[in-house]
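next comes the sequence, and after it the predicted model I'd like to discuss.
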Amino acid sequence: MFSKISSLAFAGALALIAFAAAPVSAASNVGPEKCQECHRAEHGVWEGTAHFTSFRSVHKHKDAKAIAEASGGDKSLRRNDTCQTCHTTEVGGKPKAGPSCESCHGAASAWLPIHNDLGGPTVKPGDEAPAHKAKRLADAKKAGMIHSSMLYDIAENCNGCHTMQNVDAAMAGKLIDAGHPINGNYELVAYSQGTVRHRFYPPDITKNQEMNKAELARMFLTGHAVGLVYATKGAAASSNATYKAAMDKRIASATAAIGAVKGKVGPAGALLSSPTEANARKFVDAIQGEDLSGAVGGMLPKKYK
Ligand code: HEC
Ligand code: HEC
Ligand code: HEC
Ligand code: HEC
């Protein structure tokens, strides 16, 4: 998924410069098997998620056909463009997997060559020159990589699918009326720290590490900051009662979470009174390195998906 704001701004700028110019080719997926060549552990975790397993089963779900019909497109989820927006990873124009690495980390055709260039064919990851690494990371991000450190941006991708904003509000409403689920209790810690968790960070890259309390609190608040922006936008754009009720539930839990740190985090007040992306990013910047587990620890989910 591409960052909507920047790609729109980019497209707008291009339109001003050159009307007749050929469209810039968008980044495309390389597919999870490419990432597996180097990231076996992360791929192994992904294979245990609903994102992976659903590729073999979701089109056979009892409601799949009715939902696909309601979209107005192909009756088969696998051939239906609307469903593929969220349910599959397309490689070379064909659905090859469920939601996968690039659904969260960004389509990699443009950033992968940069990511893989450590400064020479014999350079090992640990031996890369620090200046080279810094430039490589910056260049990869410019080319669309959503790095693990960019939690706000990753959480936006989760919301594109889990808040159903990768399609317009009218389409989301049609799918929901035909039985498509929309979960008002979606919350980032619960959804990311169970089956989805892959944290093979140094120093022990053999171990899938759990987050400590401070990290969990930041993840929780980041998820709610992004969620507040999406749910507010979603509720305003939709006339579907089921969807609006789910969004209202998310707005209520996000408001409680962010409200709990209002006295401690400066930008919390502005985010609550005006839930824009700019205010949410300021809030998330302000919590970096902070331990807010005292304020929100009691709200953290006890069970993970
Ligand atoms: C040729 C090997 C190779 C391939 C292929 C590869 N990676 Fe990596 N990746 C690495 C190495 C080595 C690192 C650690 C050094 C660094 O931070 O770049 C890394 C780091 C990362 C990180 C940051 C990890 C951190 O420390 O936070 C992410 C995210 C990532 N890769 C995602 C991917 C995805 C997604 C794909 C497939 C589209 C992919 N990589 C393909 C070798 C590879
Ligand atoms: C905007 C993103 C999006 C679109 C478009 C979308 N889905 Fe989904 N779908 C999801 C998400 C996210 C879930 C999981 C919801 C949850 O568990 O909270 C899901 C779940 C489902 C389920 C339930 C699966 C289960 O295991 O219970 C079915 C069936 C389904 N979708 C069918 C479809 C069909 C058919 C289409 C195309 C007409 C479609 N979806 C389009 C995001 C989407
Ligand atoms: C559902 C979204 C999602 C999917 C799918 C996903 N990632 Fe990630 N990835 C994340 C998030 C979120 C983090 C940050 C985790 C953290 O810091 O706690 C992350 C962190 C990472 C890291 C750094 C941590 C580590 O394990 O070294 C790497 C590397 C990585 N992902 C690679 C991949 C690869 C390769 C795939 C596919 C096999 C993949 N990811 C699939 C969301 C995702
Ligand atoms: C490209 C769309 C997409 C993205 C991005 C995405 N998901 Fe999903 N996710 C889905 C779909 C579709 C399903 C439902 C699969 C099924 O059951 O058929 C799902 C299911 C899940 C489930 C299983 C839910 C359950 O009730 O069992 C979890 C957990 C989950 N996603 C977490 C995440 C998190 C966390 C992120 C971001 C870090 C994320 N997802 C990003 C589309 C996406």
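Ah, there it is. Ligands and ions are numbered 1, 2, ... in the order given.

OK, contacts around A217?
Under the criterion of C-beta atoms under 8 Å, 6 or more residues apart in numbering, the neighbours of A217 are 291-293, 295-297, 300. All C-beta spots, glycine's among them, are computed from the backbone N, C-alpha and C.

then A260?
Contacts of A260 (C-beta under 8 Å, 6+ apart): 295-296, 299.

same question for A108.
Contact analysis of A108 by C-beta under 8 Å, 6+ apart lists 27, 29-30, 34-35, 101-102, 115, 144-145.

report the lowest-confidence entry in those residues.
pLDDT is lowest at A27 among the contacts of A108; the value there is 93.

ligand 1 contacts on the protein?
Counting by C-beta under 6 Å from any ligand atom, the chain comes close to ligand 1 at 30, 34-35, 37-39, 101-102, 105, 108, 112, 115-116, 125, 147-148.

redo that, cut-off 8 Å
Contact residues, the chain versus ligand 1 (C-beta under 8 Å from any ligand atom): 30-32, 34-35, 37-39, 42, 101-102, 105-106, 108, 111-112, 115-116, 118, 125, 128, 133, 136-137, 140, 145-149, 201-202.

returning to what we had before: of the contacts of A217, buried ones?
Among those, those buried by neighbour count (16 or more other C-beta atoms under 10 Å) are 292-293, 295-296, 300.

restricted to helices, list those.
The helices, defined by DSSP state H, take in 293, 295-296 from the buried ones among the contacts of A217.

out of those, the closest to ligand 3 would be?
Closest approach to ligand 3 among these (C-beta to the nearest ligand atom): S293, at 15.6 Å.

okay, and which of the residues of the chain next to ligand 1 map to helices?
Short answer: those in helices (DSSP H) are 32, 34-35, 42, 101-102, 105, 112, 115, 133, 136-137, 140.

mind putting the ones in helices among the buried ones among the contacts of A217 in TSV, distance to T88 and pLDDT included?
Below are these laid out as TSV (distance: C-beta to C-beta, whole Å; pLDDT from 0 to 100):
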residue	distance to T88	pLDDT
S293	37	98
A295	39	98
V296	35	98
